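> The following comprises the amino acid sequence and a computationally predicted model.
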Amino acid sequence: MSEAPREKILSTALRLFNQQGAHATGIDQIIAESGVAKRTFYRYFPSKVDLLAEYFRQRHDIWFSRLTRYAGDPQAAPLDRLLGVFDALEEWFSEPDFFGCPFIRGLSDFGPESQAPELTERIREHFARTEGFVEELLKKVRPRDYKKFVPQMMSLISGATIIAHATRDPSIARVNKEMARKLVAG
């Protein structure tokens, strides 16, 4: 069964935005590669901003699905759950379609001075939710002083993502996992 037009547009945009970035990918390229008519495209996505908002929503959902798989088991030991974040990262970094974090890349395209505040807000929400997830895990590992570890953990996560993108080496996730273990073992 063939993909519905909206899904064709989204899967094409997801691939192109991941590979090329948002600004380097034009609507005409998405239309051509998805094989839909221009009118069909604009019926589903009146603007590139609308398409990008959906792209960020999908990427957020994909990340949290993976994160929950590795760090969401309430029966697992708290430290194992926290360190599972880095296992989720390593899996992601190992995928052939890993081209860095769309939210980190999106900051340069849609930061505070952006003409697309709705995209800036999506990016902020993603980081806030990720930070909240990590904070909840840290509360269970270090109940008395967890707050001081949140920025350090977020730096280890973001740093691993940037380095994996630059080097194409997923092992940085394991390196930062060990750093996180040492950090919270204190």
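Yes, it's here.

> residue contacts, residue 139?
Residue 139 makes contacts with residue 146, as judged by C-beta atoms under 8 Å, 6 or more residues apart in numbering. Heads up, the C-betas are built off the backbone N, CA and C, glycines and all.

> Check whether it sits in a helix, strand or coil.
Put simply, residue 139 is helix when judged by DSSP: H, G, I helix; E, B strand; the rest coil.

> For it, give its distance to residue 73.
For residue 139, the distance to residue 73 equals 16 Å [C-beta to C-beta, to the nearest Å].

> got it, and residue 99?
29 Å.

> which of these two has more neighbours?
Neighbours per residue (other C-beta atoms under 10 Å) separate residue 99 from residue 73, with residue 99 holding more: 16 against 12.

> Apart from its chain neighbours, what residue comes closest to the more buried one?
Distance criterion C-beta to C-beta, 6 or more residues apart in numbering; nearest residue to residue 99, sequence neighbours excluded, is residue 18 at 4.7 Å.

> Provide a list of residues in contact with the one you found.
Counting by C-beta under 8 Å, 6+ apart, residue 18 touches 97, 99, 102.

> Now the phi/psi pair for the second one, please.
Pointing back at residue 99 there. The phi/psi pair for residue 99 (degrees, to the nearest 10) reads phi -130, psi 30.
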